[in-house]
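Enquirer: I need the structure of the sequence given here:
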Amino acid sequence: MAELEYEVRKFEVNDLKNVRLIEAKSFPEPLSEIAFLFLSEACDFYVASLKEMIIGYIIVGYEDNETLHIFHIAASENWRRKKVATELVRVALDKLTHKRCRTLVREKNTTARQFWRALGFEEEAILKNHFPRGENGIILTKTA
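Expert: Sure thing, here's the model as predicted:
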């Protein structure tokens, strides 16, 4: 059976409820509605949508003139391991100009670390006690 096709497009405010549901199931400290609204204005924000259903999202912005930062990315539980996140990264990297790209994951999140390494990112640094409850963060970087 063929997989249903989805599109990647710019975030719209009416996507917020579904994006927040994905966020709540994906992260131990989900972003607030206000944080998402701020990021939607300050950053590039894309969603993967299947008809009216949001199945994933990515939020990217610039650290400086040369460095793109992927702030948040997640796929709906039913769409994980189906290349939705990979496609979101591809679209974001293709649309934006940069010399390098960075992201940050929890040190204990081995699935995320494997995902980023598979996309050519390398672990650059450890941020001690970066996340709540003293969890370390790992900065991953890819040069364009």
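
Enquirer: next secondary structure after whichever strand or helix holds Ile59?
Expert: Assigned by DSSP states H and E, Ile59 belongs to strand 53-62. Later in the chain than strand 53-62, the nearest helix or strand by DSSP H and E is strand 67-75.

Enquirer: burial measure for Thr110, as a count.
Expert: Neighbour count for Thr110, taken as other CB atoms under 10 Å: 10. Just so you know, the C-beta spots here come from the backbone N, C-alpha and C atoms, and that holds for glycine as well.

Enquirer: who touches the helix or strand of the chain with the lowest mean pLDDT?
Expert: One helix or strand of the chain scores below all others by mean pLDDT, DSSP states H and E: helix 84-95, with a mean of 90. For helix 84-95, contacts defined as CB atoms under 8 Å, 6 or more residues apart in numbering pick out 6, 8, 44, 46, 48, 55-58, 60, 68, 70, 73-76, 101, 115, 119, 144.

Enquirer: one step back: show me how far the strand holding Ile59 is from its chain's centre.
Expert: 6 Å (CA atoms, centre = their mean, to the nearest Å).

Enquirer: only C-alpha atoms, please: export that strand in PDB.
Expert: Below are the C-alpha coordinates for strand 53-62, written out as PDB (Å, rounded to 0.1, in the frame of the first residue of the first chain):
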ATOM      1  CA  MET A  53      -3.700  17.200   9.700                       C
ATOM      2  CA  ILE A  54      -0.300  18.400  10.800                       C
ATOM      3  CA  ILE A  55       2.100  15.500  11.100                       C
ATOM      4  CA  GLY A  56       5.300  17.400  11.800                       C
ATOM      5  CA  TYR A  57       7.000  20.800  12.100                       C
ATOM      6  CA  ILE A  58      10.400  22.500  12.100                       C
ATOM      7  CA  ILE A  59      11.400  25.900  13.500                       C
ATOM      8  CA  VAL A  60      14.700  27.400  12.200                       C
ATOM      9  CA  GLY A  61      16.400  30.800  12.600                       C
ATOM     10  CA  TYR A  62      19.800  32.300  12.300                       C
END
